[in-house]
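Peer 1: quick one: sequence plus predicted model below, questions after.
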Amino acid sequence: MSDHYDSVEKKFGISAYASPHEGFAAVVKARYSDFIVHEVDLHGNVARLGSLEVPEGGSASKVNATNSKDNDESSSNDRKRKLHATSDSSTKSSNDVQDKVDETAPIDWDYCKKECAKLLDETVAEELIAFLQFHTDQPIPKEDDTKFYALPLISDKETRRSIHQLVKSTAMSSVARADNHEGRIRVWPIKYQADMPADTFTTSNGGGKNGKNPKGNVRGSRDGDRPAWPKDRPDFLRFVVYKENVDTSTALKDIVRIGRLNPKRGVAFAGMKDKRGVTSQFCSVYRVEKEQLLALNAHRAGAGGGNSIKGGHNIIRLGNFSYSSEEVKLGSLAGNRFDIVLRNVDVGEDADNFVQMSAIVKQRLEKAARALQQVGFINYFGMQRFGKSNDTHEVGMAILKGDYESALDIIMREKDTDELPRVVEARKKWANRFEGIDVKTNEDAARDAEMKCARSILNDFGRFLGVEKSVVGSLSRKPRDYKRAYTSIAKNMRSMYLHAYQSYLWNMVASHRIQTGGSTKAITGDVVLIEDKSLAQGGSGTSGLKGKAVKVLSEDDFKNEKYTIADVVLPLVGSKVCYPRGPSGDKFDELLKKDGISKADFAKIGLIDKEIALGGDYRKIICKPSDVSFEIMTYKEPLQPLIQTDLMKSMGTEITAAPISSSAKNSDCLASNEEVVTCDDNESTIFGMVIGFSLPPSSYATIALRELTKRPTSSEYQSKLELNRRVSTQRD
């Protein structure tokens with residue numbers, strides 16, 4: 001069954017393995033609490049939620065986190081994200097009172113349009129006012145509404161200031177708010193003010209969205225209302241953010257809102273963590289009392305989703321508070337510690353009885369874990385690098401060629417993945433927008449058709465399709481201007497497309513290097529890393545060329561065995577990197593030539609897009625995990641908890657859903673094959689494994705699991721596996 005999914009990965013260069021051990025099938029991430037991640041800082045400290053108590057000297061005691069209903073009884077509505085600061089209405093945003101406007105006052109739309117036209121293109125001014133008028137006439141928000149109007153990029157600082165002043169003026173302040181995002185001004189109808197990010201706008205009276213003035217104090221308060229910051233106390237409050245089923249960006253916004261923090265300063269963090277998992281990471285805030293953040297710990301009390309067969313809901317907890325003179329900085333991490341549950345392990349063999357099967361499983365899994373520990377894995381970029389539709393690298397390729405129309409066609413084309421019906425229909429309309437028109441001979445008709453199509457489908461793309469929304473929005477104003485439409489996409493997404501193509505090339509060459517040169521030694525022509533300064537030493541941290549030095553391995557270096565496979569790197573193609581010689585270097589040239597791209601095109605990208613540079617980077621070809629540990633288990637219920645989360649440990653919550661036995665400790669289940677041992681209800685027993693390891697930044701745990709199991713990493717492959725297939729034995 002895995003062959004089909006292997007072929008998909010091979011298209012992205014993920015085709016080789018570092019060691020020859022046999023693998024096994026297993027279900028990964030059956031529940032989000034099966035995937036636990038702890039951040040590791042530059043000093044080797046692991047972010048763990050050891051305590052929910054305020055440190056000595058604080059006024060608050062331990063937060064009561066046991067007064068809620070059991071997670072299993074939570075309704076489907078509870079699973080939706082509806083965080084409130086506390087149950088006390090005193091924490092409610094003061095916007096409810098102070099930001100109300102006189103809805104009965106008449107709006108002079110002609111005047112608004114006239115003033116906008118002084119600052120903007122006349123067409124843009126008309127569209128903006130029509131957009132605001134539409135939402136003012138329909139004050140009830142709708143889920144699929146376009147919530148803001150993004151203005152074209154405006155380079156003149158005075159013009160941008162004037163636009164903000166106009167929106168804040170009495171003429172428009174009752175119907176609109178404005179903010180800045182990725183260098184563009186967005187105008188929001190007043191009814192969507194609550195959906196605006198906390199750190200992007202100020203109201204007409206100078207107060208922030210969450211009822212604060214620009215200094216971060218609550219409206220109506222004075223600097224003197226708060227005690228002066230103690231001179232002998234360090235400036236930063238450092239703490240661990242523990243979260244379940246929430247991405248880092250959402251969690252930090254909640255901390256800002258619930259803790260009533262200055263949104264402009266926000267919360268400092270070292271790295272982003274995905275939503276689907278249980279993660280702990282270091283964060284810091286500037287001159288904030290620890291007691292100010294404790295309201296968040298009282299929300300959705302309980303031990304989280306790790307102790308329930310049915311799972312849990314979104315949870316955020318803060319703990320391990322301490323004051324520090326150092327702020328947590330982006331990239332200031334040594335890596336991440338992973339603890340991952342593999343369910344329903346299947347080695348593809350039958351046995352005469354349970355004892356024999358236990359021995360087979362034990363031998364297979366132990367051998368695989370030791371190979372991962374001793375040899376490591378090829379440090380591929382995972383499939384998630386290439387997007388849900390596996391086409392982000394194609395966009396990057398088109399941009400490097402300067403073919404913006406093709407790049408946008410790839411973004412907008414119909415996808416194989418599941419999408420909402422209205423999105424599917426919108427993509428079909430876009431694909432057929434020029435139907436009956438000879439684009440080469442009738443440019444005016446093509447422009448008109450594209451503009452009409454763009455305007456008709458603009459509202460069909462929801463908030464999770466921001467790229468498509470930006471493209472269609474731009475083309476609805478300036479049809480057929482594909483370069484302009486591409487630059488309307490957020491910078492981080494434009495970078496992602498280019499990095500995806502770099503990653504594709506890296507993967508392809510990495511596989512070629514392993515197939516031609518093996519995975520155990522450095523060979524002549526390899527590029528080896530001879531210096532890699534840390535962030536503290538002046539390096540660039542998790543990525544970048546700063547502080548790195550390389551050399552191409554000579555014949556003498558090879559004979560003297562001066563370097564090992566652990567030193568070998570491959571470049572991410574760019575304008576400032578060194579390339580290997582021999583088969584690996586030839587492979588780079590071959591791939592670029594096939595795609596119609598030259599190395600010089602990577603240097604030119606900065607001239608085309610001034611916000612992005614592709615200098616390149618170096619990435620180790622083999623990643624060897626540290627601190628590898630594993631435990632083989634037998635269990636009964638397909639989804640029963642097999643590992644404790646930090647929150648469960650801090651609250652003393654044991655795993656009690658059903659008995660769990662470790663094959664490493666249960667001698668009855670590890671008896672020799674010559675002695676048949678009877679275990680209770682063996683026919684209903686399922687094998688599982690908990691594997692733990694630490695990886696450096698930017699290395700993929702999914703790729704490590706691929707090496708361990710010798711199975712594809714895709715979610716499509718995982719969806720075909722069963723959770724409750726029992727041990728295959730023949731009864732005497």
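Peer 2: Looks like it arrived, so ask away.
Peer 1: hang on, Phe588 packs against Val509?
Peer 2: Yes: between Phe588 and Val509 there is a contact under Cβ atoms under 8 Å: 5.7 Å. (Each C-beta comes from the backbone N, C-alpha and C, glycine too.)
Peer 1: tell me which of those two has more neighbours.
Peer 2: A side-by-side neighbour count of Phe588 and Val509, using other Cβ atoms under 10 Å, places Val509 first with 25 against 20.
Peer 1: am I right that the more buried one sits in a helix?
Peer 2: Yes: counting by DSSP: H, G, I helix; E, B strand; the rest coil, Val509 falls inside a helix.
Peer 1: confidence score at the residue lying closest to it once chain neighbours are set aside?
Peer 2: Sequence neighbours aside, Lys587 is the residue nearest to Val509 in space, at 4.8 Å (criterion: Cβ to Cβ, 6 or more residues apart in numbering). pLDDT, Lys587: 97.
Peer 1: does Lys587 fall in a helix, a strand, or a coil region?
Peer 2: Quick answer, by three-state DSSP: Lys587 is helix.
Peer 1: secondary structure element for Arg337?
Peer 2: Assigned by DSSP states H and E, Arg337 belongs to strand 333-346.
Peer 1: quick one: mean pLDDT for that strand?
Peer 2: 93.
Peer 1: direction included, what does it pair against?
Peer 2: Partners of strand 333-346 in the sheet, by DSSP bridges, are strand 25-28 (antiparallel), strand 35-41 (antiparallel), strand 686-695 (antiparallel).
Peer 1: residue boundaries of the helices in the stretch 101-250 of the chain?
Peer 2: According to DSSP state H, counting those that start in this stretch, the stretch 101-250 of the chain carries its helices in the segments 109-119, 122-137, 157-168, 248-258.
Peer 1: need the residues that contact the first one.
Peer 2: To tie it back to what came earlier, the one meant is helix 109-119. Identification of contacts with helix 109-119 by Cβ atoms under 8 Å, 6 or more residues apart in numbering yields 124-126, 128-129, 132-133, 159, 162-163, 166, 171-172.
Peer 1: got it, and the longest one?
Peer 2: Contacts to helix 122-137, defined as Cβ under 8 Å, 6+ apart, come from residues 107, 109, 112-113, 116-117, 119-120, 145-146, 149, 151-152, 172, 175-176, 187, 189-192, 477.
Peer 1: please identify the buried residues of it?
Peer 2: Residues 124-125, 127-129, 131-133, 135-136 are the ones in helix 122-137 that count as buried (16 or more other Cβ atoms under 10 Å).
Peer 1: nearest to Tyr635, of those residues?
Peer 2: His135 (53.5 Å; Cβ to Cβ).
Peer 1: centroid residue for the chain?
Peer 2: Nearest residue to the geometric centre of the chain (Cα atoms, centre = their mean): Asp274, 4.4 Å.
Peer 1: what pLDDT does that one get?
Peer 2: 84.
Peer 1: residue ranges with poor pLDDT in the stretch 601-732 of the chain?
Peer 2: Where the stretch 601-732 of the chain drops to pLDDT under 70, the residues are 656-683, 725-732.
Peer 1: so where do the strands sit in it?
Peer 2: All strands of the stretch 601-732 of the chain, identified by DSSP state E, counting those that start in this stretch, fall at 617-620, 622-623, 626-635, 661-662, 686-695.
Peer 1: partners of the second one in the sheet?
Peer 2: Strand 622-623 pairs in its sheet with strand 377-378 (antiparallel), by DSSP bridges.
Peer 1: give me the contact list for the helix or strand that the strand it pairs with is followed by.
Peer 2: Going down the chain from strand 377-378, the next helix or strand is helix 392-400, by DSSP H and E. With Cβ under 8 Å, 6+ apart as the test, helix 392-400 has contacts from 12, 385-386, 404, 406-407, 410-411, 486, 494, 496-504, 595, 597, 601-602, 605, 608.
Peer 1: now do the strands in the stretch 201-350 of the chain.
Peer 2: Going by DSSP E, counting those that start in this stretch, the stretch 201-350 of the chain shows strands at 236-244, 268-269, 278-286, 315-324, 333-346.
Peer 1: run the chain-centre distance for the longest one.
Peer 2: If you compare the mean C-alpha spot of strand 333-346 with that of the full chain, they lie 17 Å apart, counting by Cα atoms, centre = their mean, to the nearest Å.
Peer 1: between it and strand 626-635, how many degrees?
Peer 2: On the basis of axes from the mean of the first three to the mean of the last three Cα atoms, to 10 degrees, strand 333-346 is oriented at 30 degrees to strand 626-635.
Peer 1: dump strand 333-346 to CSV, keeping only the CA atoms.
Peer 2: Provided in CSV are the C-alpha atoms of strand 333-346 (Å, rounded to 0.1, in the frame of the first residue of the first chain):
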residue,chain,number,x,y,z
LEU,A,333,16.8,27.7,20.4
ALA,A,334,19.0,24.7,20.1
GLY,A,335,16.2,22.5,18.9
ASN,A,336,13.2,20.5,20.0
ARG,A,337,12.5,17.4,22.0
PHE,A,338,9.9,15.1,20.5
ASP,A,339,7.9,12.3,22.3
ILE,A,340,5.7,10.6,19.8
VAL,A,341,3.2,7.7,20.1
LEU,A,342,3.1,5.1,17.3
ARG,A,343,-0.1,3.1,17.4
ASN,A,344,-1.1,-0.3,16.1
VAL,A,345,2.4,-1.4,15.1
ASP,A,346,2.4,-4.0,12.4
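Peer 1: Ser629: which of the buried residues of helix 122-137 is nearest?
Peer 2: Using Cβ to Cβ, these come closest to Ser629 at His135, 55.5 Å.
Peer 1: wait, Met689 sits on Glu631?
Peer 2: Yes: judged on Cβ under 8 Å, Met689 makes contact with Glu631 at a distance of 7.0 Å.
Peer 1: who has more neighbours, these two?
Peer 2: Shown here are Met689 and Glu631; by other Cβ under 10 Å, Met689 has more neighbours (24 against 19).
Peer 1: quick revisit: among the contacts of helix 109-119, which two are most distant?
Peer 2: Gln133 and Thr159 (22.9 Å).
Peer 1: circling back: need the strands of the stretch 201-350 of the chain in JSON lines with distance to Phe24 and mean neighbour count, can you?
Peer 2: Formatted as JSON lines, the strands of the stretch 201-350 of the chain follow (distance: least, Cβ to Cβ, whole Å; neighbours: other Cβ atoms under 10 Å):
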{"stretch": "strand 236-244", "distance to Phe24": "28", "mean neighbour count": "24"}
{"stretch": "strand 268-269", "distance to Phe24": "36", "mean neighbour count": "20"}
{"stretch": "strand 278-286", "distance to Phe24": "24", "mean neighbour count": "24"}
{"stretch": "strand 315-324", "distance to Phe24": "32", "mean neighbour count": "20"}
{"stretch": "strand 333-346", "distance to Phe24": "6", "mean neighbour count": "22"}
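Peer 1: any chance of these in a markdown table, plus distance to Gly517?
Peer 2: Putting these into a markdown table (distance: least, Cβ to Cβ, whole Å) gives the following:
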| stretch | distance to Gly517 |
| --- | --- |
| strand 236-244 | 42 |
| strand 268-269 | 39 |
| strand 278-286 | 36 |
| strand 315-324 | 45 |
| strand 333-346 | 27 |
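Peer 1: of those strands, which is nearest Arg31?
Peer 2: With Cβ to Cβ, the closest approach to Arg31 among the strands of the stretch 201-350 of the chain belongs to strand 333-346: 8.0 Å.
Peer 1: what's downstream of that closest one, the next helix or strand?
Peer 2: helix 354-374.
Peer 1: so what does that following helix touch, helix or strand wise?
Peer 2: Applying 3 or more Cβ pairs under 8 Å, 6 or more residues apart in numbering; DSSP states H and E, one finds that helix 354-374 contacts strand 626-635, strand 686-695, helix 701-709.
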